[in-house]
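*Asks:* With the sequence up front, the predicted model follows.
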Amino acid sequence: MEKTIAVLPGDGIGPEVTEAAVKVLQSIAMRYGHTFHLKQAAIGGTAVDQFENPLPQETIEVCEASDAILLGAVGGSKWDRNPAHLRPEKGLLNIRKHFDLFANIRPVKAIPALLGSSPLKQEVAKEVDMVIVRELTSGLYFGEPKQRSEEAAVDTLVYTRKEIERIVDQAFEIARTRRGKVTSIDKANVLETSKLWREVMEERMTAYPDVEVEHMLVDSAAMKLITDPRAFDVMVTENMFGDILSDEASVITGSLGMLPSASVRSDGFGLYEPVHGSAPDIAGQGKANPSAAILSAAMMLRHSFGLHTEASAIEAAVMGVLDDGYGTGDVMRNGKGIVSTEKFVTKVIEEL
Ligand code: ATP
Ligand code: MG
């Protein structure tokens, strides 16, 4: 298979972790006989410094000519006082908007070697294996009008039937490749948007008779994530509920440095990035955990390219290195087996 991948390292530890993911992709290409053309471009604060634009036109063109995007992280205190259009984060918002990446996908799966770091009981945490599908480009964060006066403020929550259809379809498709269950999260007892959401969910489920559907109110879902997260397979929800629930879910696995994510659209094109940010406090020191970036690359192979065997091989290799007792400082709590970013990648490639 021949594919072109845009690589946007970004800021802070972004360059270190994307370099690691690129090495793993190259190793996969060699081993399985694929050709990956990797095209690097600037985004975030680094792009602001170079081009006075967090998402330069050149970067958009590189991404448009690619089959998928691999991103590191953006942001850092250096740019905190910049005007809104020169903020690193603006680069990320703009790229999602430009490519209409409406579905944010976050797998949350127990990592056997790290169960001790989960806030949940180990026997509960060890069986967690779910995917959160969050609508990313509409809802309360984008609805107009947004208004502010001294005495009152307004945000607007709007969802169209079309916007709901495309996100729930994503969730159904993902459920089909897993345990075949979708839990739709809403607040249909009070919100009109949620009533429409439920209606659309009921309509679309007839096209997926092989998938079991469950509706749950967001407040119950927030509790269930802590008391019995094993009950979830695929969770689908609107933008703000998804923002909150996906952060809640992310602590279950015990490390921010381990979590991959994807932002995709219906044709399979997508942007893949670690859940963690640019971690400026450890940038350039060889301490960054590259697992989230490497697992994001695996998600790319699976979701955008349909390379399931290769994706599973990467996931198994990362888990294998952790099982062998090696990891970066953020995951090796007792101080033993701590290795640098580079060493960790070397071990992952050996394991492959
Ligand atoms: P953002 O606003 O970009 O989300 P943040 O400050 O909220 O950034 P992160 O940058 O994701 O959060 O990280 C918070 C802390 O977690 C970092 O300061 C760092 O110490 C640790 N951390 C995050 N990611 C990693 C990683 N990949 N490897 C090691 N430590 C990490
Ligand atoms: Mg953050």
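*Replies:* Structure's in. What do you need? Ligands and ions are numbered 1, 2, ... in the order given.
*Asks:* and Ile185, how many residues sit next to it?
*Replies:* Residue crowding around Ile185 was assessed by other C-beta atoms under 10 Å; the count is 28. (Glycine included, C-beta is placed from N, CA and C.)
*Asks:* separation between it and Ala152?
*Replies:* For Ile185, the distance to Ala152 (C-beta to C-beta, to the nearest Å) stands at 29 Å.
*Asks:* On the three-state scheme, the residue of the stretch 101-250 of the chain found nearest ligand 1 is what?
*Replies:* Residue nearest to ligand 1 within the stretch 101-250 of the chain (C-beta to the nearest ligand atom): Asp247, separated by 10.0 Å. Asp247 carries the three-state label helix when classified by DSSP: H, G, I helix; E, B strand; the rest coil.
*Asks:* give the contact list for it.
*Replies:* With contacts taken as C-beta atoms under 8 Å, 6 or more residues apart in numbering, Asp247 has no neighbouring residues.
*Asks:* What strands line up against the longest strand that the chain contains, and which way round?
*Replies:* Ranked by number of residues, the top strand in the chain under DSSP state E is strand 2-10. Partner strands and pairing direction for strand 2-10 (DSSP bridges) are strand 35-40 (parallel), strand 68-73 (parallel).
*Asks:* Which among these is found nearest to ligand 1?
*Replies:* Nearest to ligand 1 among the strands paired with strand 2-10 is strand 68-73; the distance by C-beta to the nearest ligand atom comes to 6.1 Å.
*Asks:* that older thread, does ligand 1 have contacts with the longest strand of the chain?
*Replies:* No - Strand 2-10 does not reach ligand 1 (C-beta under 6 Å from any ligand atom); its nearest approach is 9.8 Å.
*Asks:* May I have that strand as PDB, with CA atoms only?
*Replies:* Extracted C-alpha coordinates of strand 2-10, given in PDB (Å, rounded to 0.1, in the frame of the first residue of the first chain):
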ATOM      1  CA  GLU A   2       1.300   3.500  -0.900                       C
ATOM      2  CA  LYS A   3       0.100   6.400   1.300                       C
ATOM      3  CA  THR A   4       1.100  10.000   1.900                       C
ATOM      4  CA  ILE A   5       1.100  11.200   5.500                       C
ATOM      5  CA  ALA A   6       1.300  14.800   6.600                       C
ATOM      6  CA  VAL A   7       3.400  15.100   9.800                       C
ATOM      7  CA  LEU A   8       2.800  18.200  11.900                       C
ATOM      8  CA  PRO A   9       5.100  18.000  14.900                       C
ATOM      9  CA  GLY A  10       4.000  21.300  16.500                       C
END
